[in-house]
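Colleague: coords please:
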Amino acid sequence: PIVESAYNPFAYSRSRASGIWQFIPSTGEVYGLKQNWWYDGRRDIIAATNAAMNYLQKLHQEFTGDWLLALAAYNSGEGNVRKAIRRNKKAGKPTDFFSLRLPKETRGYVPTLLAIAEIVSNPGKYNITLRPIGNTRYFKQVDIGSQIDLATAGELSSLSIEELYTLNPGFNRWTTDPKGPHRLLIPIDKAAAFENKLATLSFDDRIKWRQHKIKKGESLS
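Modeller: The predicted structure is shown next:
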């Protein structure tokens, strides 16, 4: 994600790729990421990460365990990589990543990822100091059971609406999807209090608005 989106869950590209893993709509659908008016699973941190792991595993198997080819295919599509491999085979050339003629973006994508991995693994070698991050969970996935107004969820969790949206960027509207997923990511230190307050909230109080589809003959009045 650091190369795909710089970890920006709201990143959106010209090719309509979205989320930290930058799924385009069609690939997202193939890997089970729901997309509708209410919700876009491509921006859902947990759903998109699970989908990306499945996709990368599939690519790794498809390209016989070559991670560089798998990563290139993640960026530019399997078809482009397979085409480049066939072209090199026909010309009697090697078929490793650095020998293939691939789109300019992909030729920079894989080396950038390798460079970042090297720097993170050996920061002192490059006179870089990286702030340590504890290997502990930051959020908890809370089952909310039904649709809820995000403003109400913010009040119950003592989070600002901006904080709640940053943790749950998959929701497109002011509320969760009526048909799910019925879950929210809440910081660990606020999760228990949120669950307790949610348990005492009636279902009628979870939504403070109603949706109405206009019918023929109706006016604003």
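
Colleague: how long is stretch 139-152 end to end?
Modeller: 19 Å (Cα to Cα, to the nearest Å).

Colleague: ok, residues contacting that stretch?
Modeller: 46, 153, 161, 164-165, 167-168, 171, 174-178, 182-188, 191, 194-195, 198, 201, 203, 205-209 (Cβ atoms under 8 Å, 6 or more residues apart in numbering). C-beta: built from backbone N, CA, C; applies to glycine.

Colleague: so of these, which ones are in strands?
Modeller: Cross-referencing those against strands under DSSP state E gives Arg183, Leu184, Leu185, Ile186, Pro187.

Colleague: list just the nearest of those to Glu105.
Modeller: Leu185 (30.9 Å; Cβ to Cβ).

Colleague: the closest one: neighbour count?
Modeller: When neighbours are defined as other Cβ atoms under 10 Å, Leu185 has 19 of them.

Colleague: show me what it is bridged to.
Modeller: Gln141 (DSSP bridges).

Colleague: would you turn the ones in strands among the contacts of stretch 139-152 into a markdown table with distance to Gln57 and pLDDT?
Modeller: A markdown table is the format used below for those (distance: Cβ to Cβ, whole Å; pLDDT from 0 to 100):
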| residue | distance to Gln57 | pLDDT |
| --- | --- | --- |
| Arg183 | 24 | 96 |
| Leu184 | 28 | 97 |
| Leu185 | 24 | 97 |
| Ile186 | 29 | 98 |
| Pro187 | 30 | 97 |
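
Colleague: quick one on the thing from earlier: quick one: buried ones out of the contacts of stretch 139-152?
Modeller: Among the contacts of stretch 139-152, those buried by neighbour count (16 or more other Cβ atoms under 10 Å) are 153, 164-165, 167-168, 171, 175-177, 183-187, 191, 194-195, 198, 206-207.

Colleague: which residues of this structure fall in helices?
Modeller: 25-30, 45-62, 67-76, 78-90, 104-121, 150-157, 161-167, 188-199 (DSSP state H).

Colleague: out of these, which one sits most buried?
Modeller: helix 67-76 (a mean of 22; mean count of other Cβ atoms under 10 Å).

Colleague: which residues does it contact?
Modeller: Outside helix 67-76, the residues touching it (Cβ under 8 Å, 6+ apart) are 55-56, 59-60, 62-63, 80-81, 85, 96-98, 100, 102-103, 105-106, 109-110, 113.

Colleague: just how off-centre is it within its chain?
Modeller: How far helix 67-76 lies from its chain's middle: 18 Å, per Cα atoms, centre = their mean, to the nearest Å.
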